[in-house]
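Chemist: Okay, sequence plus prediction incoming.
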Protein chains: 2
Amino acid sequence: MKHTEIQTRDVFYVSDGTAITCETLGHVVLGQFSFVPNEKTFPFVESEDKVADLVKQIQQSHDKHGVKPLVFFSMVVPAMRDQLLQAPAFFYDVLESIVQRVAEDTQIEPKPKLQRSRSVSKDSDTYFDRISAIEYTLAHDDGISLKDLDKADIILLGVSRSGKTPTSLYMAMQFGLRVVNYPFIAEDMKMLRLLPEFEFQRHKLFGLTIEPERLTQIRQNRLSGSEYASSEQCEQEIATIESLFRREAIPYINTTSLSVEEISTRVLEKTGLKRRLF
Amino acid sequence: MKHTEIQTRDVFYVSDGTAITCETLGHVVLGQFSFVPNEKTFPFVESEDKVADLVKQIQQSHDKHGVKPLVFFSMVVPAMRDQLLQAPAFFYDVLESIVQRVAEDTQIEPKPKLQRSRSVSKDSDTYFDRISAIEYTLAHDDGISLKDLDKADIILLGVSRSGKTPTSLYMAMQFGLRVVNYPFIAEDMKMLRLLPEFEFQRHKLFGLTIEPERLTQIRQNRLSGSEYASSEQCEQEIATIESLFRREAIPYINTTSLSVEEISTRVLEKTGLKRRLF
């Protein structure tokens, strides 16, 4: 039976934990298909009542659309897993087949446990490391403070709206890194100089640049019609900062077509910095 | 051959994209095993030279430890995939088996493409939504501003150090939500009242609480020996804010043993809020 005429599909992400792994994997898998997924997430499905309610919702989706919805799931307790599998759906256990293969390959028995991503009780140092990376990064966002630069893992430089703030926060939150970011403003530009505060931290400097057209679009989205958002201003700022990066031998990447995840990952790759948490 | 004596294992995360999916999944899989993973990530492996270099590193790991390392990977280009698979390792393709099963189940052909998580060029609205959620949330962190509350998706309330800031940033970054957070300070406490600004936003209010012992530990970590970090102060603040939450019928959760991901996911679950991005 062919379903090529179907344009949307109900998709359920189900887990006894946050379901973040199910969402991440399922979303990437679905990116390879042409149908439009209608995604719903069910985290913390930790009781038979919750499973029963979910089975009912899956049944309703099936009855409504006449096709089985897709369920990406992870459930540790066998009885609840079996209960879920009664529903009329296509099921994809995001962990089980890989866990089994790792066990076979390594000849080490797995110890199934509830997904506790970065659980606090287990791993208190990780919690404090992460919180302190976020705090440091917030305190050093957008040039607010240039104190304690010796504690920074990396210092991002770039013109306004080149992606510094979201990249900094992502790197703090997901990698546990302490990130300073500093926007180059007109006065720095005129003198085309690095602040003296950065002299002892040269090895931590990293530049973000962006195509002038894209920068114009982003700034117009923010302050339409302003001098700040004019294509002349954007072109001139980018030309100036790129020549500064080259003159000072500061490594840099072009963020134009990159997501925050991609920028952050490329910065790690180019600098050799290691993430402090997973 | 049994390897039960082996305590650590080299693990490689390899992708032609950010490798974030490989890392997320691999890390959870490895959480079910007792050995200590020595994890290295290789993102943007997009050329034969990069694959060749990686094969060499895998070979070195194998030769050094006498066992095959584990490789969690995703590679779209078949020739480069085959080249990688020559290395002496146990390989786990994080997507392929699930993509194949989805194709069989739905009778829809997949269209393999490079992983571009939230790529800007494809999806510019998503980019702007995300950036504006981050900006809104930064501008409304820690009670900095109580303007534009009508644009908030949710307003988190809690005492200092109950997890509001990291939760807010996570929800903005990963879910695309606009989050306000407001810390209850001594004066609010004494009067045990809600600010008038919140009156028209009652449906958006959500409380975070925490065990007094854990709060004391967190505050001691920050300001050791202070009145602020004393167990009496922490106990009293928590008792007061919980009675406020109850009196005002504000839903709340206890964050004591939860990670930032878990808090954020539970807030979505309890409020019925939908994430705006994946």
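Modeler: That came in fine, so what should we check first? A quick note: this is a predicted structure, and the numbers were derived from the prediction, not measured.

Chemist: Any stretches of the stretch 101-250 of chain A with poor pLDDT?
Modeler: A:113-124, A:186-189 (pLDDT under 70).

Chemist: And the strands in it, which stretches?
Modeler: Assigned by DSSP state E, counting those that start in this stretch, the strands in the stretch 101-250 of chain A fall at A:154-159, A:179-184, A:205-209.

Chemist: Of the ones you listed, which is nearest residue B:248?
Modeler: strand A:179-184 (37.5 Å; Cβ to Cβ). C-betas here are computed from N, CA, C, even on glycine.

Chemist: and the strands of the stretch 101-250 of chain A as CSV, adding mean neighbour count and distance to residue A:81?
Modeler: Shown next, in CSV, are the strands of the stretch 101-250 of chain A (neighbours: other Cβ atoms under 10 Å in any protein chain shown; distance: least, Cβ to Cβ, whole Å):
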stretch, mean neighbour count, distance to residue A:81
strand A:154-159, 25, 43
strand A:179-184, 25, 41
strand A:205-209, 22, 45
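
Chemist: The ones you listed: which one's closest to chain B?
Modeler: strand A:179-184 (12.3 Å; Cβ to the nearest Cβ).

Chemist: okay, the angle between the closest one and strand A:205-209?
Modeler: Counting by axes from the mean of the first three to the mean of the last three Cα atoms, to 10 degrees, strand A:179-184 lies at 60 degrees to strand A:205-209.

Chemist: and residue A:103, how many neighbours?
Modeler: Neighbourhood size, residue A:103 [other Cβ atoms under 10 Å in any protein chain shown]: 14.

Chemist: correction: residue A:136
Modeler: Neighbours around residue A:136, by other Cβ under 10 Å: 21.

Chemist: Verify the stated contact: it with residue A:153.
Modeler: No: in this structure residue A:136 lies outside contact range of residue A:153 using Cβ atoms under 8 Å: 9.1 Å.

Chemist: Overlap of the contact sets of those two?
Modeler: Counting by Cβ atoms under 8 Å, 6 or more residues apart in numbering or on different chains, the common neighbours of residue A:136 and residue A:153 are A:178, A:179.

Chemist: Adding distance to residue B:276, write the strands of the stretch 101-250 of chain A out as JSON lines.
Modeler: Output for these, formatted as JSON lines (distance: least, Cβ to Cβ, whole Å):
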{"stretch": "strand A:154-159", "distance to residue B:276": "26"}
{"stretch": "strand A:179-184", "distance to residue B:276": "25"}
{"stretch": "strand A:205-209", "distance to residue B:276": "25"}
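
Chemist: Which one, of those, ends up nearest to residue A:277?
Modeler: strand A:179-184 (13.8 Å).

Chemist: Please name every helix or strand in contact with the closest one.
Modeler: Under the contact criterion of 3 or more Cβ pairs under 8 Å, 6 or more residues apart in numbering or on different chains; DSSP states H and E, strand A:179-184 touches helix A:124-139, strand A:154-159, helix A:164-175, helix A:231-247.

Chemist: would you turn the ones you listed into CSV with distance to residue B:149?
Modeler: Compiled in CSV, those are given as follows (distance: least, Cβ to Cβ, whole Å):
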stretch, distance to residue B:149
helix A:124-139, 21
strand A:154-159, 31
helix A:164-175, 22
helix A:231-247, 33
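
Chemist: Excluding chain neighbours, what is closest to residue A:21?
Modeler: residue B:28 (5.1 Å; Cβ to Cβ, 6 or more residues apart in numbering or on different chains).

Chemist: That neighbour reaches residue A:20, doesn't it?
Modeler: No: the pair residue B:28 and residue A:20 does not pass the contact test of Cβ under 8 Å, sitting 9.1 Å apart.

Chemist: of the two, who's got more company?
Modeler: residue B:28 (24 against 21).

Chemist: Could you verify that that one is part of a helix?
Modeler: Yes: counting by DSSP: H, G, I helix; E, B strand; the rest coil, one finds residue B:28 located in a helix.

Chemist: That one and residue B:258, how far apart?
Modeler: 17 Å (Cβ to Cβ, to the nearest Å).

Chemist: Identify the spatial nearest neighbour of residue A:8, chain neighbours not counted.
Modeler: Here the residue nearest residue A:8, using Cβ to Cβ, 6+ apart, is residue A:36, at 4.5 Å.
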